[in-house]
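S.K.: With the sequence up front, the predicted model follows.
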Amino acid sequence: MRPAISRRTGFLWWVAAIFSVLLLAAARWPAGAWLTTGFDTLLPATEQTRWLAEASRAMSASYSDKLIVLVRGPDRARAEAFQTRIAAQLVESGYAMPDFEAEQARRWAALAMALHPYRMNLVTAADRVSLEQDPERFLADYRRLLFSPLGGPFLNSLQADPAGLLRRFMQSAAPELPAVVGSAQEDAVAAELAIYRIPVERLEFRALAGLWNQYLELREVAAAQGFELHATGAPLYSAYGVFSGQREISTVGLVSLALLITLLLVVLRSPSALVLVLTCVASGVFSGLLVTVALLQQIHILTLVFGVTLIGIAADYAFHFLAHSLLPGWRPEDSLHHVWRSLTLGLISSALAFSLLILLPFPGLRQIGLFMAAGLLGSYFTVCLFFPFAYRGPPRRAIVPRWASWQPIEDRRAPGLLLLFAVLALPGLWLLQGRDDVRDFYAAPPSLRDADRVVIEVTQRQSGGRFFLLRADSAEHLLALEERLFAAASDLRREGRLGELYGISRLVPSAQTQRRNFELMRELLSAGSLAGHLEKLGLSPDDQQKILADWRSATGEGAFRPLDPGEVSGLDLPAGTGGFLGCADAGCGAWVNVAGSESLSVLRQLAESVPGVLVVDPVGDVNRLMQRNRLAVSGLLVIGMVMAALFLAVTGGWRRSLRISLLPCLACAFSLAVVGYTRGSYSIVHVLALMLVIGVSLDFAIFRELTPKERQSATTLAIGLSALTSVLAFGMLGLSKTPLIAGFGQTIATGLLVAWGLSWIRSGPEPHGQ
Amino acid sequence: MRPPFRYLPLILLLAVGACLADEQEQLLLRLAERLSVAQELSGRFHQEKYVSFLQKPFVSKGEFSLSRTGGLRWQVTEPVDSLMSVQGDVVTLDGQPVQDYGVARLMTRLMFAFMEGDVSGLGRAFDVQAKVDDEVWQLNLIPKGARLQAAFERIDLLGDDHLREVTVLEQEGSRTRVRFLEVRATGSTVPQPGVFAPDETSD
């Protein structure tokens, strides 16, 4: 069978296909950044409702641009000075907002102004209890604070806030990371902590690698001056991801290319063949990239790393084409004749398997599936349409190497050998257990892991990324619900099992609570407690009267007006405050930040005691989704294999289908078994790798099966070249420091090595050609 | 007899250092010469806080003590009784841990710097203007960092062999003046040899 188009027409079709892809890309190329680095963009959206989505976004925004830097050393003044230097350097290089603290101060001032009209309604729960129990004692304690050196800031707002209630209310609304912290251990080591906010434009791919370089440079300078510098935060992890991703892309890509070039020059002895292989690979990579970005509007750097691995697979089609050109009697006009059917069967089965990934609701998997399917299609069209036009044949001295003429084992030993492979695989498969933890994928160098530990140790704070989601039918019910949650949490907090919770009710109590506070303020005035307090402070009679008149006016009849969360959420709130998500037809939503490392069971226990509150555990949710997707991809793997087998059965009979299918099945089983022997557990990454093993080993089996005996040497050569380049390329990935990529590479390398070995064993009658 | 050039390298080194040191460092070094070093310091204080919108200042009095082992103890006796204690990074008021927001620790650091005669670190956090003569010295500290700038505009210090008076000018126009009275120093009171201090063994 041969394609029914001329070489020139084929070339024109190829050019048309290229233009189509370029047109698609031009029409749908995203206006913003298309290369993403945040790990969350690879993961599926776990939300079931609008409020969960909103809360997840708010939660993510609260830490996605923060960089935490801790400087430790024997001298506090020098540590502080060094932190000042870090700030200056980060600001100068654009990696920190120059006026973050000033901006925060402005936000606090604006918030204070907005809250001032409602000051009689705003009292912390602790202050309310103290005032209700013993107002005189509360005010006496406050006077002691005022006359201590700590009272300065309170004195400055004495006129508007004579009992310090509003100031304390605002201070309690946000988690306060200590500006200067120290450790009592280790000979009074001084520590200086600072939080920087990175401008959004510096969080983009191209800028992030620079942040990692700055971090390394600052660590060196710190060490030279006798300090320890520890930094952590989501941007730094992303920066490391970009840094290592760039390094690995260049390493893997360059090494793969170098291997390809060397192998082709040695075996094919033709520069034009080399150019063709590179064209095939390049068309695969660019088709995958353009189509994925055009259709999905973004691609993650890890998907691109996987895409680089296409270099090994896309080249297979070129290998088969070129290997057959080394056989005697080859002519350019018949160049596709001997490979077209096998190439097409191979493409359909592989593209089918990868296309199934697009159906999964997992952005990372969809990107990989689309990239691979589009990339393989691009390479296939290049080989089928462009190669016959461009390739004039090998140099005269180029022949099939002698080793390629060795015949596969196809006597009665074959079934025994296949059985041996299966038996060897069984214990490994028996040992396998599923493990789905997204943190296993993330590579962090020791310096970042240490930094995390030290920062948590010094600040006594750790965020597990968990939060509460609250929903109610009105804003008032929502605030009341949050107050019930905080009240229920107080017991757990007293027992030390729970840290502070921060939510919108810290800024806007429910109207009922505001009314209660308001009445308490009136009572403070009417009982004479406030007047006595001002007198004991030693204020002049005039000053006392001014303050009392203001208080009287603010608590007079008809003066009560509750603060609404909408009035506050319209402001630019200081970092760490807020939590109100708004109201819509479905009701109102809010999220509550958990500032501690509480166990999930404690949080669940708390949520269960307050109906309407839900614990959100993003990492746990993603892990559960990964488990579901691992099982789904495993199912797709089986379905894809069955579909390919059925397709082969329809086109060539069930015996042939069985013979072809045996190779990928055994290769997958053995590859998984090696994972079982070495790791004991497998994840979605290993299952994904098996899809690639199936795709490539199907090609091996199809070509082995469909190529006539007299042309088997060309197939042996092509399979050998394919296996060698693929195993080396994926072996390189296996050395990656990113566990996600390493697991992928190792599984594929093992699977393809086994597939290559199995391609030497034939269990059926000799191939009868196409 | 000592070799006449025994200390020449040191003298040369100091001379080079003197040329390189900027005026601010020189002033601080001269100030360091004037201070007496002590292990512990105690005395009375008199604090006046002037708030722009009030007619009368807030006045408080009491006693203080400062030592490496005991930290800072700031006992207000008039008009109310209260005890602020700063030990390392732990700040307590009447025995209860309190949120400091940096005020108490900054105060403690300044007092330690003058008690121990090590004021060289001031230049890193402040722009320093100094006037030092035989009897008294005066320092004006203007904060460099945004965090300190947000808290106050300037700190003026006055002293002789000890710190005698601190005035903090805040951004809102308020002003706090603390005078240290009857200061008693215990422990070593040997003057701190600065870089430019005459080397008694060199001649």
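M.R.: That came through, no problem. Computed from a predicted structure; not experimentally measured.
S.K.: Residue ranges in the stretch 651-770 of chain A under the pLDDT threshold?
M.R.: For the stretch 651-770 of chain A, the stretches with pLDDT under 70 are A:763-770.
S.K.: Show me where the stretch 201-350 of chain A has its strands.
M.R.: Taking DSSP state E, counting those that start in this stretch as the test, the strands found in the stretch 201-350 of chain A are A:228-232, A:299-300.
S.K.: would CSV of those with mean neighbour count, mean pLDDT and distance to chain B be doable?
M.R.: In this view, the C-beta of every residue, glycine as well, is placed from N, C-alpha and C. Below are the strands of the stretch 201-350 of chain A laid out as CSV (neighbours: other C-beta atoms under 10 Å in any protein chain shown; pLDDT from 0 to 100; distance: least, C-beta to the nearest C-beta, whole Å):
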stretch, mean neighbour count, mean pLDDT, distance to chain B
strand A:228-232, 22, 86, 17
strand A:299-300, 23, 84, 37
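S.K.: A:Q544 is nearest to which of the ones you listed?
M.R.: strand A:228-232 (50.5 Å; C-beta to C-beta).
S.K.: Go ahead and name everything in contact with the closest one.
M.R.: Residues from elsewhere that reach strand A:228-232, judged by C-beta atoms under 8 Å, 6 or more residues apart in numbering or on different chains: A:67-73, A:86, A:215, A:218-219, A:222-223, A:448, A:450-452, A:454-455.
S.K.: returning to what we had before: A:A314: which of the strands of the stretch 201-350 of chain A is closest?
M.R.: Evaluated over those, closeness to A:A314 peaks at strand A:299-300, with 17.2 Å, by C-beta to C-beta.
S.K.: Check the offset of the closest one from the chain's centre.
M.R.: Computed by C-alpha atoms, centre = their mean, to the nearest Å, the chain-centroid distance of strand A:299-300 equals 10 Å.
S.K.: my read: B:A113 touches B:G121, true?
M.R.: Yes. Taking contacts as C-beta atoms under 8 Å, B:A113 lies within contact range of B:G121: 6.6 Å.
S.K.: A:S342: what's it in contact with?
M.R.: Residues near A:S342 by C-beta under 8 Å, 6+ apart: A:H320, A:D699, A:I702, A:F703, A:L706, A:T707, A:Q770.
S.K.: Burial check on the fourth one, number of neighbours?
M.R.: The local packing count at A:F703 equals 31, with neighbours defined by other C-beta atoms under 10 Å in any protein chain shown.
S.K.: so when I look at it, I'm seeing a helix, right?
M.R.: Yes. Secondary structure assignment places A:F703 in a helix (DSSP: H, G, I helix; E, B strand; the rest coil).
S.K.: Which among the contacts of A:S342 count as buried?
M.R.: Listed as buried from these are A:H320, A:D699, A:I702, A:F703, A:L706, A:T707, A:Q770; burial here means 16 or more other C-beta atoms under 10 Å in any protein chain shown.
S.K.: For the residues you listed, give me JSON lines that also has distance to chain B.
M.R.: Below are the buried ones among the contacts of A:S342 laid out as JSON lines (distance: C-beta to the nearest C-beta, whole Å):
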{"residue": "A:H320", "distance to chain B": "66"}
{"residue": "A:D699", "distance to chain B": "63"}
{"residue": "A:I702", "distance to chain B": "68"}
{"residue": "A:F703", "distance to chain B": "68"}
{"residue": "A:L706", "distance to chain B": "73"}
{"residue": "A:T707", "distance to chain B": "74"}
{"residue": "A:Q770", "distance to chain B": "76"}
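S.K.: And those residues, which is closest to A:A207?
M.R.: Of all these, A:A207 sits closest to A:D699, with 40.9 Å by C-beta to C-beta.
S.K.: so the closest one sits right up against A:D316, yeah?
M.R.: Yes. Counting by C-beta under 8 Å, A:D699 does reach A:D316; the two are 5.8 Å apart.
S.K.: Can you give the domain ranges for chain A?
M.R.: A:7-31+A:268-431+A:621-758, A:125-171+A:510-562, A:466-509+A:574-616 (automatic domain parsing).
S.K.: Which helix or strand contains the closest residue to B:T92 other than its chain neighbours?
M.R.: Nearest residue to B:T92, sequence neighbours excluded (C-beta to C-beta, 6 or more residues apart in numbering or on different chains): B:S85, at 4.9 Å. Assigned by DSSP states H and E, B:S85 falls within strand B:82-87.
S.K.: List the buried residues for that strand?
M.R.: With burial defined by 16+ other C-beta under 10 Å, the residues of strand B:82-87 counted as buried are B:S82, B:L83, B:M84, B:S85, B:V86.
S.K.: Convert the C-alpha atoms of that strand to PDB, please.
M.R.: Extracted C-alpha coordinates of strand B:82-87, given in PDB (Å, rounded to 0.1, in the frame of the first residue of the first chain):
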ATOM      1  CA  SER B  82       3.800  49.400  86.700                       C
ATOM      2  CA  LEU B  83       6.800  47.300  85.800                       C
ATOM      3  CA  MET B  84       8.000  46.800  82.300                       C
ATOM      4  CA  SER B  85      10.700  44.200  81.900                       C
ATOM      5  CA  VAL B  86      12.700  43.400  78.700                       C
ATOM      6  CA  GLN B  87      14.700  40.200  78.800                       C
END
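S.K.: all helices for chain B, in order.
M.R.: B:8-20, B:23-34, B:103-115, B:122-125, B:146-151 (DSSP state H).
S.K.: got it, and the stretch 501-650 of chain A?
M.R.: A:511-526, A:529-536, A:541-554, A:565-569, A:600-609, A:618-652 (DSSP state H, counting those that start in this stretch).
S.K.: Serialize those to a markdown table and add fields for mean neighbour count.
M.R.: Formatted as a markdown table, the helices of the stretch 501-650 of chain A follow (neighbours: other C-beta atoms under 10 Å in any protein chain shown):
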| stretch | mean neighbour count |
| --- | --- |
| helix A:511-526 | 18 |
| helix A:529-536 | 17 |
| helix A:541-554 | 15 |
| helix A:565-569 | 18 |
| helix A:600-609 | 16 |
| helix A:618-652 | 18 |
